[in-house]
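Q: Here is my input; please provide its structure:
(chains A and B)
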There are 2 protein chains.
Amino acid sequence: MNEQLLLKNVRQVLIRQEETIIFALLERAQFRTNAKVYEPGVFGEATEGESLCGYMLRETEKLHARMRRYTSPDEHPFFDNLPVPILPALSWQENPLNPNSINHNAEIRDIYEKQIIPAVCTEGDDSQYGSSAVCDVICLQALSRRIHYGKFVAESKYQHNPQLFEPLIHAGDKTALFVAITDETVEQQVLERVMDKAAAYGREAAETSQPANPYAKAITGVYRDIIIPMNKQIQVEYLLNRLDKTE
Amino acid sequence: MNEQLLLKNVRQVLIRQEETIIFALLERAQFRTNAKVYEPGVFGEATEGESLCGYMLRETEKLHARMRRYTSPDEHPFFDNLPVPILPALSWQENPLNPNSINHNAEIRDIYEKQIIPAVCTEGDDSQYGSSAVCDVICLQALSRRIHYGKFVAESKYQHNPQLFEPLIHAGDKTALFVAITDETVEQQVLERVMDKAAAYGREAAETSQPANPYAKAITGVYRDIIIPMNKQIQVEYLLNRLDKTE
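A: The predicted structure follows:
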């Protein structure tokens, strides 16, 4: 088996990403919700029809595409028609995934703007539009990577037990696949770990006058209600496309 | 006094920046030193004579300049000739600093590439050039902001005790200014706090087989040997330019 797909390595990558996501959300939470940042065209022609957040995201993706970011199977762009890489391809890099075009970034961006921002940030406008948009890009990239890592999780689970998954895939049985990939004990561990980490990091970030850390609960909620369910949705979708059904 | 300059607020900003710097360095430490990232022109014409790190930094600064990042008195660009902001100026934002053009970014970049990278990253080449350069930009921006915040520290100290500083400034007495701005107790507290935080965050980031956290010591060294001394150097330089000496 490809080393990237060993279950302990997949889990290690997911745990490492927790730090990135928690820290990115805490950075964004320094600023108000700043609804203007998500309204298309509000800053005029320069954002080319996008919101400020969308403009920052697209321009950052153009730059990162030149760094070959989106040639990596664990990275998914939010925008199409990105420039070609200026770096040569990593010829030694093996893609352990089955070919697929699953990309839920449009949904991730929508949920981020409509649910995550209001959950994590204090309602209001502090004029810190540029700073907010810079943080948004880092949050969105981290969330996208974590959620789409479901492809690696699913491929790992499949390769560990193809006998379990093949009949379910052939039958197109979404519900049974959902049950097969679910490990409630691990999910509970993730939520507890995220709560602990967010509480530890957030202590410094929160105003010292706060009696409790207001961020840990909100960030754990993002994991429980958005990241874990979307990751599992992608696992099931990936598995349904895992076999050529005419086999 | 401008609220930004209250000593407790200045300290709070500096403490908050510790999380950003520690986390940025830990993210970079995931990858090898990757010396190629800092060699100009090694990736061909596309980087326009810059190293990959320099190219990423310049392109990011162009984007952030459009978000008016460098109109803020606590932000300093590494490059000249950046585009004008697409956001309107923050007219309500008061600049509490004395006009100055102090910018040590060339030195910060040099020290980052030659001292910080070898101190924090494992020697070698893992081909993760794009990822390294993305982290480099975040590290350099965080270091630049922290080091140049010496201007706010110095202005705060000056306004709290102009009688102490005015004669030293008039005399151009660098050594006495250096003594006047130094608070060894606070410096020691910073180093202890950074060690604690880096140890706590680094536990997850470090490979689990490591007996001790290898990053905390290196990151504390960066604070002790680079960030704190450069910050103090900027405080003294700012103060020397604080008064028109013909007054």
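Q: helices or strands next to the lowest-mean-pLDDT helix or strand in chain A in the packing?
A: Within chain A, no helix or strand scores below helix A:184-205, which has a mean of 87 by mean pLDDT, DSSP states H and E. Judged by 3 or more CB pairs under 8 Å, 6 or more residues apart in numbering or on different chains; DSSP states H and E, the packing partners of helix A:184-205 are helix A:7-28, helix A:214-222, helix A:228-240, helix B:7-28, helix B:184-205. Placement of C-beta: from N, CA and C, glycine included.
Q: Mind listing what's buried along the third one?
A: By that I understand helix A:228-240. Buried residues in helix A:228-240, counting neighbours by 16 or more other CB atoms under 10 Å in any protein chain shown, are found at A:228, A:230-240.
Q: Off-centre distance for it?
A: Remark: helix A:228-240 is offset 13 Å from the chain centroid, using CA atoms, centre = their mean, to the nearest Å.
Q: which residues touch that helix?
A: A:97-98, A:100, A:102, A:104, A:107-108, A:111, A:146-151, A:153-155, A:157-158, A:165, A:168-169, A:172, A:174, A:177-178, A:181-182, A:187, A:190-191 (CB atoms under 8 Å, 6 or more residues apart in numbering or on different chains).
Q: Using PyMOL, define a selection of the buried residues within those.
A: The following PyMOL line selects those of these that are buried, judged by 16+ other CB under 10 Å:
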select buried, chain A and resi 97+104+108+111+146+147+148+149+150+151+153+154+155+157+158+165+168+169+177+181+187+190
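Q: Near A:P40, how many other residues are there?
A: A:P40: 14 surrounding residues under other CB atoms under 10 Å in any protein chain shown.
Q: Next up, the contacts around it.
A: The contact partners of A:P40, by CB under 8 Å, 6+ apart, come to A:47, A:49-51, A:54.
Q: so A:P73, which of the three states?
A: Under DSSP: H, G, I helix; E, B strand; the rest coil, the three-state class of A:P73 is coil.
Q: and chain A, which of its residues are near chain B?
A: Within chain A, the positions near chain B by CB under 8 Å from any CB of the partner chain are A:12, A:15-16, A:18-20, A:23, A:26-27, A:30, A:43-44, A:46-47, A:52, A:56, A:59-60, A:63-64, A:66-69, A:86-87, A:90, A:92, A:127, A:129-131, A:133-134, A:197, A:200-201, A:204-205, A:208.
Q: any idea how far chain B is from A:E123?
A: A:E123 sits 20 Å away from chain B when distances are taken as CB to the nearest CB, to the nearest Å.
Q: what do you get for A:S144?
A: According to CB to the nearest CB, A:S144 stands 15 Å off from chain B.
Q: and that residue, how many residues sit next to it?
A: When neighbours are counted by other CB under 10 Å, A:S144 comes out with 22.
Q: Please identify the helix or strand for it.
A: Under the criterion of DSSP states H and E, A:S144 resides in helix A:129-148.
Q: Quick check: which helices or strands does that helix pack against?
A: Here helix A:129-148 touches helix A:7-28, helix A:52-66, helix A:105-111, helix A:228-240, going by 3+ CB pairs under 8 Å, 6+ apart.
Q: got the ones you listed as CSV, with distance to A:L82 and mean pLDDT columns?
A: Shown next, in CSV, are those (distance: least, CB to CB, whole Å; pLDDT from 0 to 100):
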stretch, distance to A:L82, mean pLDDT
helix A:7-28, 22, 92
helix A:52-66, 4, 96
helix A:105-111, 13, 98
helix A:228-240, 21, 98
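Q: Need the winner for burial among those.
A: Looking across these with neighbours counted as mean count of other CB atoms under 10 Å in any protein chain shown, the highest average goes to helix A:52-66: a mean of 23.
Q: Convert the C-alpha atoms of it to PDB, please.
A: Taking Å, rounded to 0.1, in the frame of the first residue of the first chain, the C-alpha atoms of helix A:52-66 are listed here in PDB:
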ATOM      1  CA  LEU A  52     -13.400  41.200  -1.700                       C
ATOM      2  CA  CYS A  53     -13.000  37.800  -0.200                       C
ATOM      3  CA  GLY A  54     -13.500  36.200  -3.700                       C
ATOM      4  CA  TYR A  55     -11.100  38.500  -5.300                       C
ATOM      5  CA  MET A  56      -8.400  37.800  -2.700                       C
ATOM      6  CA  LEU A  57      -9.100  34.100  -3.000                       C
ATOM      7  CA  ARG A  58      -8.900  34.100  -6.800                       C
ATOM      8  CA  GLU A  59      -5.700  36.200  -6.900                       C
ATOM      9  CA  THR A  60      -4.100  34.000  -4.300                       C
ATOM     10  CA  GLU A  61      -5.000  30.900  -6.300                       C
ATOM     11  CA  LYS A  62      -3.500  32.300  -9.400                       C
ATOM     12  CA  LEU A  63      -0.200  32.800  -7.500                       C
ATOM     13  CA  HIS A  64      -0.400  29.400  -5.800                       C
ATOM     14  CA  ALA A  65      -1.200  27.700  -9.100                       C
ATOM     15  CA  ARG A  66       2.100  29.000 -10.500                       C
END
